[in-house]
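Chemist: sequence first, predicted coordinates after that:
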Amino acid sequence: MTDSGTEHSEHSAEELCPAGAKLYEQALREGHISAQDAVGAPCLTDFGLLHPTVDDLDRLEPVAPAVALNRLLRGIQARVDEERRRENRLVEQFESLLRMDGRHSAADAPTLRLLHGSRRINEALTESMADAEHEVLCIQPHTGMTGERGDIAHTLAYERDQAFLDRGGRNRALYQHSMRHLPGVSAYVEQLQGDTEGRSLDELTDRLVVMDRKVAFIPANDDGSLALEVRHPALIKFFVTTFEVLWQLATPMFPKAERRPSRNGVTPRQRAIAALLVEGHTDAVIADRLGMNVRTARVHIAKLAATLGSESRAQLGYLIARSGILDPEA
């Protein structure tokens with residue numbers, strides 16, 4: 001029996017509450033439930049999933065799921081039709097105003113536009129990707145996005161990327177070295193069919209997407225809930241130049257991954273850590289900039305110290321400078 005004292009929150013039919021779903025299933029199994037049992041889930045009668053019997057108003061019988069679904073779908077279709085009528089009325093209303101305003105055209109889109117919320121950001125990305133024909137440039141630093149949110153983001157990105165590649169486009173992406181062996185990255189790349197190439201660096205700028213060198217998207221805050229859509233030619237040129245410089249410095253990941261050689265027994269990852277150590281950064285800062293956790297960073301620092309024969313943090317900085325491991329390669 002449902003607790004009649006439990007407050008019932010308003011919700012739509014496509015988000016049936018757990019109590020309502022459980023009671024509806026019970027009614028389908030048993031053929032009926034009492035009206036008292038359904039007090040805590042008024043949504044069942046509101047959505048037409050239960051109705052009183054003719055001879056006993058305290059007895060509720062279930063409407064067949066197929067019938068209920070068809071009725072709810074008709075309601076959605078009616079709302080869609082109404083929205084289309086509203087759309088047509090808006091177009092008719094503004095048609096004469098657009099003809100009056102000869103100063104502006106659809107081509108006069110804003111060069112900077114702030115996008116709020118992941119839904120609006122994804123919509124703008126999808127719209128721009130649908131218009132792209134030639135090349136998409138991406139910088140994908142480590143974000144730690146996992147779970148359902150990460151799965152949804154990957155699904156949306158895959159659909160956009162594959163549709164673009166199917167049109168003959170080219171996709172180039174830069175990742176952090178810490179992402180080279182993540183299962184999610186390799187699995188994502190293996191799914192894509194088309195001209196796609198990836199490289200990696202120890203450190204990257206923040207996230208960047210440039211489409212056909214006409215429009216770019218960059219984060220506008222730290223948590224990713226705001227993004228800036230950029231169409232200013234000078235800024236686009238700057239983003240593309242930055243990407244190309246980083247691309248030349250990066251190590252190929254796919255289609256053919258290359259292993260960077262070690263120097264004097266020091267791995268490329270340890271050289272990147274050494275460069276940050278001599279700048280005086282803490283373990284936490286080093287880990288954040290290289291896209292790894294603090295424990296992994298400390299393991300690499302310990303291995304670097306052992307390779308160079310260091311017995312203290314201060315001595316390690318001195319030995320790094322004297323070893324020449326940070327000198328440019330000939």
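Modeler: Cool, got the structure.
Chemist: all contacts plus neighbour counts: C-alpha atoms, from now on.
Modeler: Noted.
Chemist: kindly report the domain assignment for the chain.
Modeler: By the assignment in automatic domain parsing, the chain contains the domains 13-63, 112-254, 268-323.
Chemist: just the strands in the stretch 201-330 of the chain please.
Modeler: Secondary structure of the stretch 201-330 of the chain (DSSP state E, counting those that start in this stretch): strands located at 208-211, 215-219, 226-230, 251-254.
Chemist: with respect to F94, which of these lies nearest?
Modeler: Of all the strands of the stretch 201-330 of the chain, strand 226-230 sits nearest to F94, with 25.8 Å by CA to CA.
Chemist: quick one: contacts of that closest one?
Modeler: Strand 226-230 has contacts (CA atoms under 8 Å, 6 or more residues apart in numbering) with 111-118, 121, 215-221, 236.
Chemist: filter these down to just the buried residues.
Modeler: With burial judged by 16 or more other CA atoms under 10 Å, the buried subset of the contacts of strand 226-230 is 115, 121, 215-219, 236.
Chemist: in contact with A173, which residues are there?
Modeler: Taking CA under 8 Å, 6+ apart as the test, what A173 contacts is 137-140, 196-199.
Chemist: now do 10 Å
Modeler: 136-140, 196-200, 208-209, 243, 247, 253-254 (CA atoms under 10 Å, 6 or more residues apart in numbering).
Chemist: what's next to stretch 237-246, contact-wise?
Modeler: Residues outside stretch 237-246 that contact it (CA under 10 Å, 6+ apart): 137-139, 172-174, 199-201, 203-205, 208-211, 213-214, 216, 218, 233, 235-236, 247, 250.
Chemist: now a ChimeraX select for only the buried ones of the residues you listed.
Modeler: The buried residues among these can be selected in ChimeraX (16+ other CA under 10 Å) with this line:
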select :137,138,139,172,173,174,199,200,201,203,204,208,209,210,211,213,216,218,236,247,250
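Chemist: mind listing which of the contacts of stretch 237-246 are in helices?
Modeler: 233, 235-236, 247 (DSSP state H).
Chemist: tell me which of those residues is nearest to L23?
Modeler: Nearest to L23 among the ones in helices among the contacts of stretch 237-246, counting by CA to CA, is I236 at 56.4 Å.
Chemist: just the strands in the stretch 51-200 of the chain please.
Modeler: All strands of the stretch 51-200 of the chain, identified by DSSP E, counting those that start in this stretch, fall at 59-62, 112-116, 135-140, 170-176, 195-201.
Chemist: I'd like these as JSON lines, with mean pLDDT appended.
Modeler: Formatted as JSON lines, those follow (pLDDT from 0 to 100):
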{"stretch": "strand 59-62", "mean pLDDT": "86"}
{"stretch": "strand 112-116", "mean pLDDT": "90"}
{"stretch": "strand 135-140", "mean pLDDT": "91"}
{"stretch": "strand 170-176", "mean pLDDT": "88"}
{"stretch": "strand 195-201", "mean pLDDT": "83"}
